[in-house]
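S.K.: Need a 3D model of the following:
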Amino acid sequence: MSNAVFPQRFTRADGSPVRAVVVDDERNLAELLVMALGNEGWLVESAGNGQEALNLVREFGPDVVVLDVMMPGLDGLEVLRRLRAAGNDVPVLFLTAKDGVDDRIEAITSGGDDYVTKPFHLQEVVARVRGMARRYVGVKSDDGPLVVGDLTLDERSYEVRRGGVPIRLTAKEFELLRYLMRNQRQVLTRAQILENVWSYDFGGRSGVVEIYISYLRKKIDSSGPPLIHTVRGVGYMIKQADS
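M.R.: Reported below is the predicted structural model:
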């Protein structure tokens with residue numbers, strides 16, 4: 001592993017430092033990640049087990065979390081399940097020694113946003129966490145909201161509404177919907193969605209796309225005519241219901 005300091009820094013929209021939490025029962029590894037993310041100018045706290053992680057996230061209010069999967073007691077998957085059940089949609093990067101496709105899918109479908117296997121290059125983890133923070137914290141746009149029919153997505157305020165009614169999405173659901181809306185009336189293949197929303201390959205296993213499309217449909221299409229459409233054998237498209 002090697003430490004890497006990136007010259008270009010960014011902050012929250014209000015100018016305050018990005019907040020990150022690192023959770024790993026390997027103290028040396030946790031300290032290394034804290035130092036690397038601290039070199040980004042961020043405020044970083046760490047926890048050594050699942051219960052500490054839940055308490056810390058609740059008290060510290062991080063913008064991103066780096067979460068080890070395999071920990072004694074509450075493992076990373078259970079920590080994330082509890083966070084999501086409590087309505088906390090903080091983006092999460094999983095760290096784990098498991099590298100099978102099924103393990104990746106389990107991590108992502110549990111509500112995680114990215115996945116890195118051990119051993120890893122420190123600069124890769126930092127780059128991925130920075131990318132998550134840019135997408136979910138530092139998104140700035142001079143354009144108006146994305147609009148499809150009566151559905152609106154505001155990239156600046158991170159708000160989604162249908163018919164004026166707010167819709168709560170997780171970070172990954174938001175990113176998937178944004179990708180669909182930026183390409184409305186275009187058929188997007190599962191491979192395109194994986195590459196642009198998850199940024200890596202699942203070895204041909206595209207089940208995670210179907211799962212997240214179903215999540216979106218329950219939240220988006222339950223309050224009006226369907227906007228998200230399946231093109232059999234190809235992929236998905238979002239378009240105004242009557243067009």
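S.K.: Could you pull out the strands in the protein for me?
M.R.: Assignment of strands within the chain using DSSP state E yields the ranges 19-23, 43-47, 64-68, 92-96, 114-117, 146-148, 151-154, 159-162, 165-167, 188-189, 228-231, 235-238.
S.K.: most packed of those?
M.R.: Ranked by mean neighbour count, those are led by strand 64-68 with a mean of 28 (mean count of other Cβ atoms under 10 Å). The way it works is simple: take the backbone N, C-alpha and C, and place the C-beta from them, glycine included.
S.K.: Can you pull out the residues in contact with it?
M.R.: 18-26, 33, 37, 53, 57, 76, 79-80, 90-96, 112, 125, 129, 132-133, 136-137 (Cβ atoms under 8 Å, 6 or more residues apart in numbering).
S.K.: Could you do stretch 16-29 as well?
M.R.: Against stretch 16-29 from outside (Cβ under 8 Å, 6+ apart): 10-12, 30, 33-34, 37, 40-50, 52-53, 56-57, 60-68, 71-72, 76, 79, 95, 129, 133, 137-138.
S.K.: Switch the strands of the chain over to JSON lines; also include mean pLDDT and distance to residue 220.
M.R.: Shown next, in JSON lines, are those (pLDDT from 0 to 100; distance: least, Cβ to Cβ, whole Å):
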{"stretch": "strand 19-23", "mean pLDDT": "96", "distance to residue 220": "29"}
{"stretch": "strand 43-47", "mean pLDDT": "95", "distance to residue 220": "34"}
{"stretch": "strand 64-68", "mean pLDDT": "94", "distance to residue 220": "25"}
{"stretch": "strand 92-96", "mean pLDDT": "89", "distance to residue 220": "22"}
{"stretch": "strand 114-117", "mean pLDDT": "82", "distance to residue 220": "23"}
{"stretch": "strand 146-148", "mean pLDDT": "89", "distance to residue 220": "9"}
{"stretch": "strand 151-154", "mean pLDDT": "92", "distance to residue 220": "7"}
{"stretch": "strand 159-162", "mean pLDDT": "93", "distance to residue 220": "6"}
{"stretch": "strand 165-167", "mean pLDDT": "94", "distance to residue 220": "7"}
{"stretch": "strand 188-189", "mean pLDDT": "90", "distance to residue 220": "16"}
{"stretch": "strand 228-231", "mean pLDDT": "94", "distance to residue 220": "6"}
{"stretch": "strand 235-238", "mean pLDDT": "94", "distance to residue 220": "9"}
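S.K.: Save those strands as TSV, and put in distance to residue 174 too.
M.R.: Output for those, formatted as TSV (distance: least, Cβ to Cβ, whole Å):
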stretch	distance to residue 174
strand 19-23	19
strand 43-47	23
strand 64-68	14
strand 92-96	14
strand 114-117	14
strand 146-148	11
strand 151-154	8
strand 159-162	7
strand 165-167	10
strand 188-189	16
strand 228-231	14
strand 235-238	14
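S.K.: So for residue 211, which of these sits nearest?
M.R.: For residue 211, the closest of the strands of the chain is strand 235-238, at 12.6 Å, according to Cβ to Cβ.
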